[in-house]
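Q: From the sequence below, what's the structure:
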Amino acid sequence: MESVYLGIVLAPLIGAIVAGLFGRQIGRAGAHWVTIVGVAISFLLSLVVFKHIVLDESAAFNGTVYTWMVSDGIRFEIGFLIDQLTALMILVVTFVSLMVHIYTIGYMHDDPGYQRFFSYISLFTFSMLMLVMANNFLQLFFGWEAVGLVSYLLIGFWYKRESAIYANLKAFLVNRVGDFGFLLGIAAIVVYFNSLDYADVFAAAPLMADMTVRIFAADEWNLLTVICILLFIGAMGKSAQVPLHVWLPDSMEGPTPISALIHAATMVTAGIFMVARMSPLYELSETALSVVLVIGAVTALSMGLLGLVQNDIKRVIAYSTLSQLGYMTVALGASAYAAGIFHLMTHAFFKALLFLAAGSVIIALHHEQDIRKMGGLKKYMPITYWCMLIGSLALIGFPGFSGFFSKDAIIEAVHASDITGAGFAYWCVLLGVFVTALYSFRMFFLVFHGPERIDPHAKAHLHESPAVVTVPLILLAIPSVIAGLLYAGPLLFQGFFGDSIVVRAEHDVLAQLGEGYTGALGFMLHGLMAAPFWLAMAGVGLAYYLYMVRPDLPEKLKQQFLWLYNLLDRKYGCDDFNDKVFAGGSRAAGRVLWKVGDVTLIDGVMVNGTAYGVGWLSGVVRVIQSGFLYHYAFAMIIGLLVLLSWFVFA
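A: Residues are numbered from 1 along each chain as shown. Down below sits the predicted model:
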């Protein structure tokens, strides 16, 4: 099976290299075929691994592929850990990536950077696969930084746009903040565990559960708490948790296919996966779990509220991603890791579906993205309409759709949790259900129903997208409907993940919920009587009333609560703070350092000052070079006198 594991990561990499280096020679068709075939091979091999590990219940594989170096007893290796968690992740990543690759043929058809784009997205897939298949922190960090680098290239793909350059720099810099904490966490693991291998670290962790370290003055901090929080800071950057969330909405500057890939299956899911993988460490620190729980809850509710005032179709979906990532993070903090990964899986399907359906609308309207300039598209784009409806119902957690099973499991798990902050988190995720339904169906009704507000020129050529666009939508719609029905029981309550996720008995809220589990149908019947369902229906009903029955009311409410609208429209002032205080302060400090250090100290004192000093000294020396012998003799006598005085008196 080792060759199969290598094939999974190398197939997309080979496709990326060929399309990137030989794009002109193989042409546009060659570029998309070589990358699609590479990702398709990776997907098929992932199916083989899933069958081998999950269906056949074979033992997990943990082995080294290549040893880079050994330093002071620490091994720096490339290796794979293939267990149930990995098998699920690689299947999701490769399937969604394959759909995005196929869809890209239609979306990027006329773009001059066609070959470059296919090379980038295939490289993105390789990077994520290296991350999720890693068995050590070195390879994890490689994949972690690789997805960050490729996301920088893809967000700024249209590099002639100033907004795209701003967005990719913002993403890059914000993630550097998170990655600084992540790197410190890995450094602490190396220092105290003397190993980078997951198995060694996880085995030694219980023995070090009570160890403390001194960080500030005489304060003693629990070692594992420090490590877990530092690692989570990295996850906050990658998975866009407050306050390191600010880069994700701006990532919409990239082409729609990469928005789908970033938001559904690669970059933003890396942080969620990492915390789940590190469950043996997090389970030993309730403080760290509490931090994860509270930050996730704040993100889930606050980012959902921002979706209410967005008018760009992609940004509405982007804020839904932020909110849903908050739900996943809440699940991790409540020790319901399986529920968090289950929601990661279902979210990957319906979020990719929503983004690609939005891209279909954008194509049809000649790259118009303002939902206020849409309306009535149902009759023109029936396939896109039904796919967007399926994605929206899955997003709001309508019973029977995939998002229902994963989201309701998270809400119930948090309700049952005793971790500090669980009560606050429960109300945040519960209210978030109403908010999610409101902004999701606000977008849906404004785009597909009501009066047509379409530009006449775009309307004259309006039609359904080609099959290369709609077929991936249909293929993503299928798991968006049935994935929850098929896998709710195994993933949540029936030990699907085995030893790949560790949960202490006192934290195992899913085991408590599983005692009353009677199957998917019973789950749905219970959901019909629970608060999340009625809150979601209230959100849909309110969206219909505000935007279909009384479309004049939103503007009146906006004027009535202008202060609240402005607060949400300005994103709580986070961007203002970053631009004026963080970035502005950095630039001001740079200018001061430039003037003091470069201009005054280096140029003024060291360079120009040295030249001036040498010139002055040479002028003095030139004057005393008279050419008279008695002047030189006198100078020698004075010098000798000074030296004798020094030796005698000093």
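Q: Which positions within stretch 37-57 qualify as buried?
A: 38-43, 45-46, 49-50, 52-54 (16 or more other Cβ atoms under 10 Å). C-beta: built from backbone N, CA, C; applies to glycine.
Q: Identify the farthest-apart pair in those.
A: Using Cβ to Cβ, the pair of the buried residues of stretch 37-57 lying farthest apart is G38 and V54, separated by 23.9 Å.
Q: Could you check the pLDDT of S465?
A: Looking at S465, its pLDDT stands at 88.
Q: if I pick it, what's in contact with it?
A: 106, 360, 363-364, 381, 383-384 (Cβ atoms under 8 Å, 6 or more residues apart in numbering).
Q: what do you get if the cut-off is 6 Å, keeping everything else the same?
A: 360, 363 (Cβ atoms under 6 Å, 6 or more residues apart in numbering).
Q: any idea whether it is helix, strand or coil?
A: Secondary structure, DSSP: H, G, I helix; E, B strand; the rest coil: S465 is coil.
Q: same thing with the one 5 residues further on?
A: With three-state DSSP as the basis, T470 sits in helix.
Q: Check the burial of it by counting its neighbours.
A: Neighbour count of T470, defined by other Cβ atoms under 10 Å: 21.
Q: G522 belongs to a strand?
A: No - per three-state DSSP, G522 lies outside any strand segment and is helix.
Q: And the average pLDDT for the top helix by length along the chain is what?
A: Longest helix of the chain, by residue count under DSSP state H: helix 162-193. Helix 162-193 carries an average pLDDT of 92.
Q: Also stretch 7-18?
A: Averaging pLDDT along stretch 7-18 gives 95.
Q: TSV for the buried residues of stretch 37-57, including distance to P206 and secondary structure?
A: Shown next, in TSV, are the buried residues of stretch 37-57 (distance: Cβ to Cβ, whole Å; DSSP: H, G, I helix; E, B strand; the rest coil):
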residue	distance to P206	secondary structure
G38	42	helix
V39	40	helix
A40	43	helix
I41	40	helix
S42	36	helix
F43	38	helix
L45	35	helix
S46	33	helix
V49	30	helix
F50	31	helix
H52	30	helix
I53	26	helix
V54	27	helix
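Q: could you dump these to TSV with distance to V70 and pLDDT?
A: Formatted as TSV, these follow (distance: Cβ to Cβ, whole Å; pLDDT from 0 to 100):
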residue	distance to V70	pLDDT
G38	33	95
V39	34	95
A40	38	96
I41	33	96
S42	31	96
F43	35	96
L45	31	96
S46	32	95
V49	29	95
F50	34	94
H52	31	92
I53	30	92
V54	34	90
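Q: Of those, which is the nearest to A297?
A: V54 (31.4 Å).
Q: do you know how far the closest one is from G156?
A: Distance, V54 to G156, using Cβ to Cβ, to the nearest Å: 38 Å.
Q: go on, F523?
A: Counting by Cβ to Cβ - F523 and G156 are separated by 43 Å.
Q: Kindly report the same for R442.
A: The gap separating R442 from G156 is 30 Å, by Cβ to Cβ.
Q: So those two - more neighbours on which side?
A: R442 (25 against 22).
Q: Looks to me like that one is in a strand.
A: No - secondary structure of R442 (three-state DSSP): helix, not part of a strand.
Q: Can you classify the nearest residue to it once chain neighbours are set aside by secondary structure?
A: Spatially, and ignoring its direct neighbours in sequence, R442 is nearest to A543 (4.7 Å; Cβ to Cβ, 6 or more residues apart in numbering). Using three-state DSSP, the structure places A543 in helix.
Q: do T518 as well
A: Classification of T518 using three-state DSSP returns coil.
Q: Which pLDDT value belongs to it?
A: 84.
Q: Please enumerate the strands of the stretch 451-600 of the chain.
A: Read by DSSP state E, counting those that start in this stretch, the stretch 451-600 of the chain holds no strands at all.
Q: Only C-alpha atoms, please: export the top strand by length along the chain in PDB.
A: In terms of residue count, the longest strand belonging to the chain (DSSP state E) is strand 61-71. Provided in PDB are the C-alpha atoms of strand 61-71 (Å, rounded to 0.1, in the frame of the first residue of the first chain):
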ATOM      1  CA  PHE A  61      -0.200   2.600   8.500                       C
ATOM      2  CA  ASN A  62       2.500   4.700  10.200                       C
ATOM      3  CA  GLY A  63       5.800   4.700   8.300                       C
ATOM      4  CA  THR A  64       8.700   6.800   7.000                       C
ATOM      5  CA  VAL A  65       9.100   7.500   3.300                       C
ATOM      6  CA  TYR A  66      12.300   9.500   3.500                       C
ATOM      7  CA  THR A  67      14.700  10.700   6.300                       C
ATOM      8  CA  TRP A  68      15.900  14.200   5.600                       C
ATOM      9  CA  MET A  69      18.400  14.400   8.400                       C
ATOM     10  CA  VAL A  70      19.100  13.400  12.000                       C
ATOM     11  CA  SER A  71      20.200  16.100  14.400                       C
END
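Q: In terms of secondary structure, what does that strand contact?
A: strand 74-82 (3 or more Cβ pairs under 6 Å, 6 or more residues apart in numbering; DSSP states H and E).
Q: continuing past the strand it packs on, what's the next helix or strand?
A: Using DSSP states H and E, the helix or strand that directly follows strand 74-82 along the chain is helix 84-107.
Q: Can you give the contact residues for that next one?
A: Taking Cβ under 6 Å, 6+ apart as the rule, helix 84-107 contacts 32, 36, 39-40, 42-43, 46, 49-50, 53-54, 125, 128, 132-133, 257, 260-261, 264-265, 345, 348, 352, 356, 359, 466, 468-469, 472, 475-476, 497-498, 500.
Q: for stretch 186-200, same thing?
A: For stretch 186-200, using Cβ under 6 Å, 6+ apart, the contacting residues are 135-138, 201, 204, 227.
Q: which of the residues you listed are buried?
A: 135-138, 201, 227.
Q: need those residues in a markdown table with secondary structure, can you?
A: Below are the buried ones among the contacts of stretch 186-200 laid out as a markdown table (three-state DSSP):
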| residue | secondary structure |
| --- | --- |
| N135 | coil |
| N136 | strand |
| F137 | helix |
| L138 | helix |
| V201 | helix |
| I227 | helix |
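Q: Take the residues you listed and lay them out in CSV including distance to M529.
A: Converted to CSV, those look like this (distance: Cβ to Cβ, whole Å):
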residue, distance to M529
N135, 44
N136, 47
F137, 45
L138, 50
V201, 44
I227, 42
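Q: Grab the two from these that are most spread out in space.
A: Farthest apart among the buried ones among the contacts of stretch 186-200 by Cβ to Cβ are N135 and I227. That separation is 18.3 Å.
Q: Tell me the confidence at A650?
A: pLDDT, A650: 67.
Q: again, but for A583
A: According to the prediction, A583 has pLDDT 68.
Q: And F523, by the same measure?
A: Value for F523, per-residue pLDDT: 89.
Q: And the residue lying closest to A416 once chain neighbours are set aside, how far from I411?
A: Counting by Cβ to Cβ, 6+ apart, the nearest residue to A416 once its immediate chain neighbours are dropped is V509, at 4.4 Å. Distance from V509 to I411, counting by Cβ to Cβ: 11 Å.
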